[in-house]
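J.: Got a predicted structure here, sequence first:
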Amino acid sequence: MNPINVKGTHDILPSDGPYFAYVREIFSQVAQVYGYGYIEPPVLEYTDVFVRSTGESSDIVRKEMYTFDDKGGRSVTMRPEFTAGVIRAMVGSKLYATADLPIKAFYFGPAFRYERPQLGRYRQFYQAGIEAVGADSPYLDAEAVVFAVTALGLMGFHDLKVKVNTLGGQQSRAAYREALKAYFADKLPEMCEDCHTRFELNPLRILDCKVPHDHELGLNAPKMKDYLTEEDEKRFYDILSYLATLGVDYEVDDGLVRGLDYYGGLVFEVHGSTKDGQDIGALLGGGHYDGLLSAFGGPEDIDHGVGFAMGVERLIAILKDQGLSLPENDLDIYLMPMGEKAYENCFFLAQDLRMGGFKVDLPFKSGKLGAYFKKAEKRGAKVALIAGDSEIEHDTIQVKNLQTQEQREVPMAELPATLDELFSVQDDHECGCGCHHDHEEGHCCHDEAEGEHHCCCHHHEE
Ligand code: ATP
Ligand code: MG
């Protein structure tokens, strides 16, 4: 059988692992700073969870879901997005009754959509996101945007485009919908099949159409801002003023509508592009929503939320394009046993060293020294420990610093102190700035004159 993965999916290999860990780690830290707790609904939900909340007019529900009957004949769907499942979980566990409101939760995990695979678009991809549910406040809406921008900034993004818009409340949206219908009615015959459905179910979605001709038509369509009630308009401008005070560099894009049915009020997207200008799609999208708690039988009086989701593969593609380079799990120590007896000793020594916190490995069987050095180099090891018959006899071990090539024989009893010394010297070169990746040599500078640590990696540039 050919080792082929399912179309549109991709393998996360060990060389990709550090990038996913990097994004997850920074995202989790920012989430905690903003007062969010972790939530993870199951991948599988009853299909209704998405149909009722993500919405029947959304592309996701109409054509992108992985839906099947389980062996008990229940229709289940692999989550195409998290919000629906997160809200379902909050209502199911009655969190809204016990937790302080708003309930603030963040998530990280795979989502599944049957889409045409292309650059930055997969059928299984990771999303990282947040939901703040059970309170209605323009401050909370603004906080979601500044959370997203802060997380992206700490990951090292620059040149981001933050687009915001408002879809208004129900009354504003109803008026706007009528205006859009009137505008598109005579243009419909030249538009795509999907837009015909959107016209019937939710004409706002037409503005989101990716068919160039239809998109073009959308540019001259009536604008939401001309149909906002005074109250909706005030709320939007309040949010914009908070964002300005928070230093968020945004632009209002009155063509921005989000692809999910539940949005109302603030919507936003962040875009990034590769160095050669390729648009990789939105890095994240989100907004305010009303009515999702009650869709699952939750309370109506607190039925508001705001959230966003980012596409982790797209983030990683741009970070790599910007020059982020993270090493695979590099070893501290590679053990080099010369002979069977030495192999046995090294096998148990490896466990001791690992319990001491060192990243250690050894060959799976005893072999030649030249081959060992090649392996050690491949694994990024900083120190080699070499043991043969003579060392066993004298209860010593050869310690080789692979960076300076210095080698000396050390009594076994002195090995811990020797390693501490070797690794503490190397630690001095770490900048202590709290960034989550190893610095390549020369990347981290130690400004002795100023008596300060500076991190020279480009991720911290303002
Ligand atoms: P798009 O307009 O690109 O289809 P979307 O509006 O469908 O995006 P959301 O539902 O808002 O996307 O999902 C949030 C984020 O998840 C997107 O901004 C994007 O970064 C990412 N994303 C969405 N679909 C995919 C996919 N098929 N493959 C990879 N990432 C995706
Ligand atoms: Mg989509």
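T.: Nice, I can see it. Remember, it's a predicted structure, so these values are computed and weren't measured experimentally. Ligands and ions are numbered 1, 2, ... in the order given.
J.: any idea how far Val162 is from whatever residue of the chain ends up closest to ligand 1?
T.: Relative to ligand 1, the nearest point of the chain is Gly311 (2.3 Å; CB to the nearest ligand atom). All C-beta atoms are positioned from the backbone trio N, CA, C, and that covers glycine. Per CB to CB, to the nearest Å, Gly311 is found 16 Å from Val162.
J.: Those two - which one has more neighbours?
T.: Gly311 (23 against 20; other CB atoms under 10 Å).
J.: Provide a list of residues in contact with that one.
T.: Gly120, Phe125, Tyr126, Gln127, Gly281, Ala282, Leu283, Leu284 (CB atoms under 8 Å, 6 or more residues apart in numbering).
J.: and the fifth one, how many neighbours does it have?
T.: Counted with other CB under 10 Å, the burial measure for Gly281 works out to 16 neighbours.
J.: for the fourth one, same thing?
T.: Close neighbours of Gln127, defined as other CB under 10 Å, add up to 21.
J.: pLDDT score for it?
T.: For Gln127, the model assigns a pLDDT of 98.
J.: That one sits in which helix or strand?
T.: Per DSSP states H and E, Gln127 falls inside strand 124-133.
J.: Who wins on neighbours among the contacts of Gly311?
T.: For the contacts of Gly311, neighbours tallied by other CB under 10 Å; top is Leu284, 25 neighbours.
J.: Show me what it bridges to in the sheet.
T.: Beta bridges link Leu284 to Val270, Met310, judged by DSSP bridges.
J.: Would you confirm that it contacts Phe308?
T.: Yes - with contact defined as CB atoms under 8 Å, Leu284 reaches Phe308; the gap is 5.3 Å.
J.: Could you tell me which residues touch both of those two?
T.: Gly129, Ala148.
J.: Dump stretch 17-35 to PDB, restricted to CA.
T.: This file holds the C-alpha atoms of stretch 17-35, laid out as PDB (Å, rounded to 0.1, in the frame of the first residue of the first chain):
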ATOM      1  CA  GLY A  17       6.700  20.200  15.900                       C
ATOM      2  CA  PRO A  18       8.700  23.200  17.400                       C
ATOM      3  CA  TYR A  19       6.600  25.600  15.300                       C
ATOM      4  CA  PHE A  20       3.300  24.300  16.500                       C
ATOM      5  CA  ALA A  21       4.700  24.300  20.100                       C
ATOM      6  CA  TYR A  22       5.900  27.800  19.700                       C
ATOM      7  CA  VAL A  23       2.500  29.100  18.500                       C
ATOM      8  CA  ARG A  24       0.600  27.100  21.200                       C
ATOM      9  CA  GLU A  25       2.900  28.200  24.000                       C
ATOM     10  CA  ILE A  26       2.700  31.900  23.200                       C
ATOM     11  CA  PHE A  27      -1.000  31.700  22.600                       C
ATOM     12  CA  SER A  28      -1.600  29.900  26.000                       C
ATOM     13  CA  GLN A  29       0.500  32.500  27.800                       C
ATOM     14  CA  VAL A  30      -1.300  35.400  26.300                       C
ATOM     15  CA  ALA A  31      -4.600  33.700  27.100                       C
ATOM     16  CA  GLN A  32      -3.700  33.400  30.800                       C
ATOM     17  CA  VAL A  33      -2.500  37.000  30.900                       C
ATOM     18  CA  TYR A  34      -6.000  38.000  29.600                       C
ATOM     19  CA  GLY A  35      -7.800  35.800  32.100                       C
END
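J.: List, one by one, the residues from the chain near ligand 1.
T.: Counting by CB under 6 Å from any ligand atom, the chain comes close to ligand 1 at 81, 113, 115, 120-122, 125, 127, 259, 281-285, 309-311, 313-314.
J.: what about the strands in the stretch 301-450 of the chain?
T.: Using DSSP state E, counting those that start in this stretch, the strands found in the stretch 301-450 of the chain span residues 304-311, 333-337, 360-361, 383-387, 396-401, 407-411, 444-447.
J.: I'd like the ones you listed laid out as CSV, including mean pLDDT.
T.: Output for the strands of the stretch 301-450 of the chain, formatted as CSV (pLDDT from 0 to 100):
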stretch, mean pLDDT
strand 304-311, 98
strand 333-337, 98
strand 360-361, 98
strand 383-387, 98
strand 396-401, 98
strand 407-411, 98
strand 444-447, 40
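J.: Could you say which of those strands is packed most deeply?
T.: strand 333-337 (a mean of 26; mean count of other CB atoms under 10 Å).
J.: Which other helices and strands does it contact?
T.: For strand 333-337, the packing partners by 3 or more CB pairs under 8 Å, 6 or more residues apart in numbering; DSSP states H and E come out as helix 340-355, strand 360-361, helix 369-378, strand 383-387.
J.: Parallel or antiparallel, which strands does that strand pair with?
T.: In the sheet, strand 333-337 lines up with strand 360-361 (parallel), strand 383-387 (parallel) (DSSP bridges).
J.: Pull the number of nearby residues for the residue nearest to Met191 when sequence neighbours are not counted.
T.: Of all residues not flanking Met191 in the chain, Asp214 sits nearest, at 5.0 Å (CB to CB, 6 or more residues apart in numbering). Neighbour count of Asp214, defined by other CB under 10 Å: 20.
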